[in-house]
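*Asks:* coords below, sequence missing:
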């Protein structure tokens, strides 16, 4: 997506502490426990080369390692991108959305910037459904989001790290659709 001077673009990634936890618990712990099991398993065999148990152990090890690497790669490549231009709002949560999702201003009934709790309202981060009727949430980090109510009565919340900047650009392009209080 190309960015011009009159457009807003923001990219969010998982913070470094959460990234470290993901690497530890999804990568190092499973692979380390497999290595420890390997040591315990093979310390009991005199010739552990081509038995059925050994083959299954190797296959399970490959599965554990591949799944761990996949989960680590998935979380570390996760990013939320939000763009605002004169015609629409675009966003995507990569790698789940390969292309940007476009919401023209003509499809938006109201919007507001609000503080929210990812855990209490949406049950976590990522693509989540609200437990408090706020629709679908696309969040990675932070506690502020752009709440949209579409003409089709669907609601979306897109997380942002710069709520003031987002509001500034939205008021520039669609000031009549801004609602100061929280959308209920």
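*Replies:* Cool, got the structure. Keep in mind it's a predicted model, so treat the numbers as computed, not measured.
*Asks:* Just give me the longest helix of this protein.
*Replies:* helix 52-76 (DSSP state H).
*Asks:* helices or strands next to it in the packing?
*Replies:* helix 16-22, helix 29-42 (3 or more C-beta pairs under 8 Å, 6 or more residues apart in numbering; DSSP states H and E). To be clear about C-beta, it is placed using only N, CA and C from the backbone, and glycine gets the same treatment.
*Asks:* what about the protein, any weak spots by pLDDT?
*Replies:* Scanning the chain for pLDDT under 70 picks out 1-5, 42-51, 53, 181-184.
*Asks:* related to what we said a few turns ago, for residue 108, find the nearest of the helices and strands packed on helix 52-76.
*Replies:* helix 16-22 (31.3 Å; C-beta to C-beta).
*Asks:* and the closest one, how far out from the chain's middle?
*Replies:* Chain-centre distance of helix 16-22: 14 Å, with C-alpha atoms, centre = their mean, to the nearest Å.
*Asks:* Show me the one of the helices and strands packed on helix 52-76 that comes nearest residue 96.
*Replies:* Closest among the helices and strands packed on helix 52-76, using C-beta to C-beta: helix 16-22, at 16.3 Å.
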